[in-house]
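Sequence plus the predicted model coming up.
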Amino acid sequence: MADDYGTSVFLNCPFDRAYQPVFRAIVFAIHDCGLRARCALEESDSGDLRLRKIVRLLKTCRYSIHDLSRVHGRLNMPFGARH
């Protein structure tokens, strides 16, 4: 899996039914560019914390796409930020 780092793209987006056509289009575009799409859906261990799963996957990908189109209001502070 480590040899996939240079061609892996982590996709962070909604996974609900309404977003599914957009998700499929993004995955298609990633693969059409010769890259490998990765997302939290590929690991089904519900006992694992979602944040831990995301961090682990992010470390295996050179690129990432974060769709924040549904974020309303204020975003949380980045990790490590102090008030």
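Received it, and whenever you're ready, just let me know what you need. Residues are numbered from 1 along each chain as shown.

Quick one: the strands in this structure, in order.
Ranges of strands in the chain, per DSSP state E, are 8-12, 36-38, 63-66.

I'd like these laid out as CSV, including mean neighbour count, mean pLDDT and distance to Ala29.
Heads up, the C-betas are built off the backbone N, CA and C, glycines and all. Listed next are those as CSV, based on neighbours: other CB atoms under 10 Å; pLDDT from 0 to 100; distance: least, CB to CB, whole Å:
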stretch, mean neighbour count, mean pLDDT, distance to Ala29
strand 8-12, 19, 94, 10
strand 36-38, 19, 96, 9
strand 63-66, 14, 92, 10
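
could you check the distance from the nearest residue to Tyr5 once chain neighbours are set aside over to His72?
Spatial nearest neighbour of Tyr5, excluding adjacent residues (CB to CB, 6 or more residues apart in numbering): Arg62 at 5.6 Å. The spacing between Arg62 and His72, counted by CB to CB, to the nearest Å, is 30 Å.

Looking at the two now, which is surrounded by more residues?
Arg62 (12 against 7; other CB atoms under 10 Å).

wouldn't the residue nearest to Tyr5 be in contact with Asp4 here?
No. Judged on CB atoms under 8 Å, Arg62 makes no contact with Asp4 at a distance of 9.2 Å.

Can you check what angle separates the least confident helix or strand in the chain by mean pLDDT from strand 8-12?
Least confident helix or strand, the chain: helix 50-58 with a mean of 84, by mean pLDDT, DSSP states H and E. Going by axes from the mean of the first three to the mean of the last three CA atoms, to 10 degrees, helix 50-58 is angled at 160 degrees with respect to strand 8-12.

just checking, what packs against helix 50-58?
In terms of contacts (3 or more CB pairs under 8 Å, 6 or more residues apart in numbering; DSSP states H and E), helix 50-58 is packed against strand 8-12.

Centre of the chain to the strand it packs on, how far?
Centroid separation between strand 8-12 and its chain, computed with CA atoms, centre = their mean, to the nearest Å, is 4 Å.

circling back to that earlier point, please produce CSV containing the strands of the chain, extended by distance to Val22.
Shown next, in CSV, are those (distance: least, CB to CB, whole Å):
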stretch, distance to Val22
strand 8-12, 11
strand 36-38, 13
strand 63-66, 11
